[in-house]
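Visitor: Quick one: sequence and predicted model below, then my questions.
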Amino acid sequence: MACELRVSDADWVAMSLDDDWHYLPTRTRAGALQRGLGRGAVRAGQDPAAPELIQACIRRDHRWLPLDDRGVYLARLVRDLDLPVGPIVARLFTATDETGEFTHVLRVAEALARAGSATMVESLRRYVEIGHHWREALTTIATAWPANWWDDLLPAAADRLASSGRPLHLPPGPPWGDWATRDERIRAAVGHGPQPRRGLGELLSAADLYDDELADPAADAEPCLAAPAADSLSAARRAVADPASGAYWRGLCVIAEHGDESDGPALLAGLDWLDKRADDMCGYDRLVDGLARVGGDAARQALPRIRSLWFSPHSYERAAYLRARLALEPDACAGALTEGLWDCEADVRLIAVRRVPLDAKLERRLEYLRDDPIEVPEVRAAAAERLTLESIYRVSPA
């Protein structure tokens with residue numbers, strides 16, 4: 001929209017806490033940061049306005065769904081640009097979780113603590129003692145931090161459980177499983193009490209996002225995971241011939257996973273169908289994976305759309321688009337692979353580390369990822385392996 005293009009980054013910062021907001025165009029600095037794109041992180045290093053733009057991205061959760069990752073991405077920017085952590089601490093203690101706001105800030109704060117922020121370590125420990133969402137905070141840090149950073153919080157946690165006045169359900173994972181062997185109050189709570197409401201991310205991972213009311217409610221929610229019988233594949237092809245069918249999305253999943261080149265046009269039509277779903281950015285990854293797998297003319301026709309999907313704020317699916325481009329146009333991916341080294345999604349960074357054409361600058365980026373304590377282990381290991389192989393190639397005789 002024309003009016004959208006006139007909104008400046010400064011205007012967006014002002015509106016970032018208002019209810020009436022939207023994603024800015026990708027070409028703007030704020031728009032790239034909102035989406036967790038690598039270009040946003042790279043530009044931030046040379047942008048005097050970046051500090052306030054980054055803080056605005058922490059104040060408001062710009063993830064499309066809880067599946068999307070921004071924690072490490074934003075924590076890196078705060079650390080590398082030496083931004084103050086005080087505003088993040090303040091937001092941690094005031095954030096609610098009605099729209100995932102607390103979880104978003106918690107992920108940034110937890111990563112900053114692992115990055116070496118003593119202030120954030122102490123703030124998160126204090127949050128466990130007095131904060132409202134203390135159980136989520138404790139479970140998060142117990143999963144990510146060394147035990148000696150949080151294990152002495154057992155008495156405070158047990159006291160909070162005892163003073164809650166109602167039964168609470170605690171999962172068996174860290175820290176509760178180990179603590180249950182050491183404290184009777186925690187042992188009584190683990191596996192007992194009312195089951196907590198499942199979060200949106202858990203619900204999405206357990207269900208088919210496009211299982212509409214016409215589909216069989218007793219059917220498997222993930223029909224794509226097992227290889228179908230020949231008659232099932234035939235049934236899927238019949239279903240995708242009618243977009244109004246209640247089985248249309250299930251059929252698309254089956255042919256994306258198990259079809260052949262003849263199913264390419266149906267998958268391409270499935271992208272059109274997804275486009276027509278209002279305020280929905282999910283499911284493209286399945287169809288794009290299918291198009292990349294079957295290949296053919298339909299897959300090549302989809303390439304412009306696959307390139308544009310890279311800019312979706314639903315970053316969880318971004319790795320699928322990079323995989324598809326590598327399968328369909330491997331010689332045209334150098335730019336995306338380079339940008340991917342700075343992306344918010346670990347799966348994108350992993351692909352980029354393994355496949356990007358290296359020069360001296362990008363080797364330094366791989367060294368950065370290899371040595372960064374807040375990077376996921378898989379990316380760190382892949383970066384170390386790639387750098388080792390590059391050094392071997394350089395010293396090997398021609």
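Guide: Received the coordinates, thanks. Everything numeric in this text was worked out from a predicted model, so none of it was measured. Numbering: from 1, shown residues only.

Visitor: Just the CA trace of the host helix or strand of residue 370, in PDB.
Guide: Assigning secondary structure by DSSP states H and E places residue 370 in helix 360-371. Presented in PDB, the C-alpha positions along helix 360-371 are these (Å, rounded to 0.1, in the frame of the first residue of the first chain):
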ATOM      1  CA  ALA A 360      38.100 -14.300   3.800                       C
ATOM      2  CA  LYS A 361      35.100 -12.200   5.200                       C
ATOM      3  CA  LEU A 362      32.800 -15.200   5.400                       C
ATOM      4  CA  GLU A 363      35.500 -17.400   6.900                       C
ATOM      5  CA  ARG A 364      35.600 -14.800   9.800                       C
ATOM      6  CA  ARG A 365      31.800 -15.200  10.100                       C
ATOM      7  CA  LEU A 366      32.200 -18.900  10.400                       C
ATOM      8  CA  GLU A 367      34.800 -18.400  13.100                       C
ATOM      9  CA  TYR A 368      32.400 -16.100  14.900                       C
ATOM     10  CA  LEU A 369      29.600 -18.800  14.800                       C
ATOM     11  CA  ARG A 370      32.000 -21.500  15.800                       C
ATOM     12  CA  ASP A 371      33.100 -19.600  18.900                       C
END
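
Visitor: Low-confidence ranges, this protein, go.
Guide: Across the chain, residues meeting the criterion (pLDDT under 70) sit at 1-20, 166-167, 191-231, 395-398.

Visitor: pull the longest helix from it.
Guide: Selection of the longest helix in the chain by residue count, based on DSSP state H, yields helix 377-395.

Visitor: tell me which residues in that helix are buried?
Guide: Judged by neighbour count (16 or more other CB atoms under 10 Å), helix 377-395 contains these buried residues: 379, 380, 382, 383, 384, 386, 387. Backbone N, C-alpha and C define where each C-beta goes, glycine included.

Visitor: would you turn the residues you listed into a markdown table with distance to residue 300?
Guide: Rendered in a markdown table, the data for the buried residues of helix 377-395 read as follows (distance: CB to CB, whole Å):
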| residue | distance to residue 300 |
| --- | --- |
| 379 | 31 |
| 380 | 35 |
| 382 | 29 |
| 383 | 32 |
| 384 | 36 |
| 386 | 30 |
| 387 | 34 |
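
Visitor: Tell me, how many residues neighbour residue 268?
Guide: Using other CB atoms under 10 Å, residue 268 is surrounded by 17 other residues.

Visitor: With the one 4 residues further on instead?
Guide: Here the number of neighbours of residue 272 (other CB under 10 Å) works out to 10.

Visitor: Please identify the helix or strand for it.
Guide: Here residue 272 sits within helix 264-275, counting by DSSP H and E.

Visitor: what angle do the helix or strand following that helix and helix 264-275 make?
Guide: Counting by DSSP H and E, the element after helix 264-275 in chain order, helix or strand, is helix 284-294. For helix 284-294 against helix 264-275, the angle between stretch directions is 170 degrees (axes from the mean of the first three to the mean of the last three CA atoms, to 10 degrees).

Visitor: Which residues does helix 284-294 contact?
Guide: Residues from elsewhere that reach helix 284-294, judged by CB atoms under 8 Å, 6 or more residues apart in numbering: 224, 252-253, 255-257, 259-261, 263-264, 267-268, 270-271, 274, 298-299, 302, 306, 309, 312, 316-317, 319-321, 323-324, 327-328.

Visitor: and if we set it to 6 Å?
Guide: Identification of contacts with helix 284-294 by CB atoms under 6 Å, 6 or more residues apart in numbering yields 253, 256, 260-261, 264, 267, 270-271, 274, 299, 302, 306, 309, 317, 320-321, 324, 327-328.

Visitor: which among those end up buried?
Guide: If you count burial by 16+ other CB under 10 Å, the buried members of the contacts of helix 284-294 come out as 253, 256, 264, 267, 270-271, 274, 299, 302, 306, 309, 317, 320-321, 324, 327-328.

Visitor: Those residues in helices, which ones?
Guide: In helices, defined here by DSSP H, the members of the buried ones among the contacts of helix 284-294 are 253, 256, 264, 267, 270-271, 274, 299, 306, 309, 320-321, 324, 327-328.

Visitor: Out of those, which is nearest to residue 22?
Guide: For residue 22, the nearest member of these is residue 309. The distance, counting by CB to CB, is 18.4 Å.

Visitor: List the contacts of the closest residue to the closest one other than its chain neighbours.
Guide: With CB to CB, 6 or more residues apart in numbering as the measure, residue 321 is the residue that lies nearest to residue 309, at 4.9 Å, once sequence neighbours are left out. By CB under 6 Å, 6+ apart, the residues touching residue 321 are 288, 306, 309, 310.

Visitor: repeat for residue 77
Guide: Residues in contact with residue 77 (CB under 6 Å, 6+ apart) are 44, 54.
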